[in-house]
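1. based on what follows, work out the 3D shape:
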Amino acid sequence: MANPHVQPGILDTYKILDTEREQAFDDLSDIARKLIGTPIAGVTFQDKERVWFKSLLGLELVEIPAENSFCAKLLMACTEPLVIEDAHLDSRFEGNPTVYGPPFIRSYLGAALCTPDGVAVGAICVMDNKPRSFGPREIEGMKQLALQASVLLGVRRSEIELAEARRASEAASIAKNTFLGNMSHELRTPMNGVLGLIELLKNTPLTDAQWHFVEGIDVSATNLMRVLTDVLEYSDLLADRAEMILQPIDAHELVGQVDKLSKAPVTQKGLRYASNVSHTVDRPVLADRLRLKQVLLQLIQNATKFTLEGSVEVQVKQVGEKVRFQVRDTGIGIPDHMQKSILSPFSQVHDELKRIYPGKGLGLSTVCELLRLMNSELHIESVEARGSTFWFELAVAA
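-> Modelled structure (predicted):
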């Protein structure tokens, strides 16, 4: 017969029924058995018409019908512990097969396990095959053990909710990245057409005013294409679709290539540009050539963007068994409390900087993902109004 005090389905949210034994619940049963001095102890949960044992010491049993269970009687009361000193003298157990047949239970002490909402869903209990009395100290001990078992149940629920939230977050992230990638692909096609038409328009007779307008359109369209390309690349990185070929790279040669691409944009802004690869760097690093170059170019571009006067420097040196690459500037610097957040996508140090230094905020987050794929990470050392140093280390190729 079903227990009217049991709320159907409530245990489903805890995903505990018919699960494997757990040491934490067995430990509570063992403490109860030693505390009271009985041969049998267990932790039970009631599901509709059955009582299931999550833990049971001293008896081989998985579940019993609720109508034959001592614990089911306890849950009907739902308040104080159930004390049965001799089941043969209690009319509620007249003809009960667990009393007058195997396992011949004569005495019982159990305390209810409750959810945080106060709903009784199970019990921790001790049993004996002979009549016995239970004093106030033993009853209070069982109540305390029941509280501990209820805490375990609450922890289990929290872990389940955390796992579900994590799965939902991961699913949302995958959906977002897929959307970003798809939209970037879809928008790049018509943008290529727009850029092509702009080039054709430039080759037609235009007045000075018309040429000025076309130049403005060209700059805006080119910038938009860069945004779409960066979003597409970032979504590929997050989805682990980016190709990464780790191979030995000569740092001297690579920095020389970076110099040729970076020096002009830096000096055009009136800044000094310098690079130095220490003579102690005499072995190649393990990296993806294209991606390592992309990381350095992005860091130099960022340094140039946020530096109004002074210099941008690239330095490479040996640090222990690794090679450190760093880009240092004399720019606006980054406050301590913002140094982690700027590595997040679509983030800048201050909202007002978005107007002074417009951008999409994907550069550093892309750098972080590229370095992650090369088994490295980006570090920041910065003093506000004095400048910043961004650095990372790569392993030496074997």
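2. so which residues of the stretch 151-300 of the chain form strands?
-> Listed from the start of the chain, the stretch 151-300 of the chain has strands (DSSP state E, counting those that start in this stretch) covering 247-249, 272-277, 285-287.
3. worst-scoring helix or strand of the protein, pLDDT-wise?
-> helix 353-356 (a mean of 46; mean pLDDT, DSSP states H and E).
4. can you spell out which helices and strands pack onto the next helix or strand after that one?
-> Using DSSP states H and E, the next helix or strand after helix 353-356 towards the C-terminus is helix 363-373. Where contact means 3 or more CB pairs under 8 Å, 6 or more residues apart in numbering; DSSP states H and E, helix 363-373 is packed against helix 208-238, helix 289-305. C-beta here means a position set from N, CA and C on the backbone, and glycine is covered the same way.
5. and the gap between the closest residue to L75 other than its chain neighbours and N302?
-> Leaving out its chain neighbours, the residue that sits closest to L75 by CB to CB, 6 or more residues apart in numbering is A120, at 5.0 Å. Relative to N302, A120 is positioned 60 Å away (CB to CB, to the nearest Å).
6. more neighbours: which of these two?
-> Just comparing A120 and N302: by other CB atoms under 10 Å the higher neighbour count belongs to A120, 25 against 22.
7. how near is the more buried one to G154?
-> 14 Å.
8. with E164 instead?
-> Counting by CB to CB - E164 and G154 are separated by 16 Å.
9. in the stretch 1-150 of the chain, which spans are helices?
-> Ranges of helices in the stretch 1-150 of the chain, per DSSP state H, counting those that start in this stretch, are 23-36, 70-77, 97-100, 136-202.
10. and L228, how many neighbours?
-> Neighbours of L228 using other CB under 10 Å come to 18.
11. oh, I was asking about M127
-> 27.
12. got it, and T389?
-> With other CB under 10 Å as criterion, T389 counts 17.
13. tell me the secondary structure for it?
-> Three-state call for T389 (DSSP: H, G, I helix; E, B strand; the rest coil): strand.
14. now do the same for it: its pLDDT.
-> Predicted confidence (pLDDT) at T389: the value is 97.
15. shaky segments in the stretch 101-250 of the chain?
-> Judged by pLDDT under 70, the stretch 101-250 of the chain has its weakly predicted residues at 177, 180-181, 184-185, 234, 237-242.
16. grab the nearest non-local neighbour of G58.
-> Going by CB to CB, 6+ apart, G58 has I40 as its nearest residue, at 3.9 Å.
17. before we move on, the earlier item: tell me which of the strands of the stretch 151-300 of the chain lies nearest to V316.
-> strand 272-277 (4.3 Å; CB to CB).
18. tell me what that closest one is packed against?
-> Using 3+ CB pairs under 8 Å, 6+ apart, strand 272-277 sits against helix 251-268, strand 311-319.
19. quick check: mean pLDDT across it?
-> The average pLDDT within strand 272-277 is 97.
20. got the buried residues for it?
-> 273, 275, 277 (16 or more other CB atoms under 10 Å).
21. can you check stretch 296-309 too?
-> Buried, per 16+ other CB under 10 Å, within stretch 296-309: 296-307.
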